[in-house]
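Enquirer: coordinates only, sequence not included:
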């Protein structure tokens, strides 16, 4: 479960952690968006995706420092490489959970 601790709202009920090759592929080839959590620096891309996604970037304290709603396919989303924890979500998840920059996110397996 991924929860916005600041607003006490649910961001995602199910998610998977991605590492190694799984992280490289991310949501590529999937028919629908799903919540995934992984670490990477510099940014992500949405090449070869069939859908829009929401993206949340967290600092070491799980505070949101960057986010992007409705990131369209075939785009690049860069950020400061100091931050490396990424949550990709189905489009609309940020709006539905009323999540904002500065909120604290809790990630529970």
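Expert: Good, I have the coordinates. Computed from a predicted model, the values in this text were never measured in an experiment.

Enquirer: neighbouring strands - and their directions - for whichever strand in the chain runs longest?
Expert: Of all segments of type strand in the chain, defined using DSSP state E, the longest is strand 64-71. Counting by DSSP bridges, the strands paired with strand 64-71 are strand 53-58 (antiparallel).

Enquirer: the longest helix belonging to the chain - contacts with which helices or strands?
Expert: Secondary structure of the chain read by DSSP state H shows that its longest helix is helix 20-25. Based on contacts counted as 3 or more CB pairs under 8 Å, 6 or more residues apart in numbering; DSSP states H and E, there is no element that helix 20-25 packs against. (Glycine included, C-beta is placed from N, CA and C.)

Enquirer: what average pLDDT does it get?
Expert: In this model, helix 20-25 has an average pLDDT of 78.

Enquirer: what does it rub up against?
Expert: Taking contacts as CB atoms under 8 Å, 6 or more residues apart in numbering, the residues outside helix 20-25 that touch it are 38, 39, 40.

Enquirer: show me where pLDDT drops low in the protein?
Expert: By pLDDT under 70, the chain has no low-scoring segment.

Enquirer: which residues sit in contact with residue 55?
Expert: Residue 55 neighbours (CB under 8 Å, 6+ apart): 44, 66, 67, 68, 71, 77, 86, 87, 88, 89.

Enquirer: with residue 106 instead?
Expert: Residue 106 makes contact with 2, 3, 4, 5, 62, according to CB under 8 Å, 6+ apart.

Enquirer: try 10 Å this time
Expert: Taking CB atoms under 10 Å, 6 or more residues apart in numbering as the criterion, residue 106 is in contact with 1, 2, 3, 4, 5, 6, 8, 11, 62.

Enquirer: now the strands for the protein?
Expert: Listed in chain order, the strands found in the chain under DSSP E are 2-4, 9-12, 16-17, 36-39, 43-45, 53-58, 64-71, 76-78, 85-90, 105-107.

Enquirer: okay if I get those strands as CSV plus distance to residue 99?
Expert: Output for the strands of the chain, formatted as CSV (distance: least, CB to CB, whole Å):
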stretch, distance to residue 99
strand 2-4, 5
strand 9-12, 6
strand 16-17, 20
strand 36-39, 15
strand 43-45, 18
strand 53-58, 7
strand 64-71, 7
strand 76-78, 16
strand 85-90, 9
strand 105-107, 8
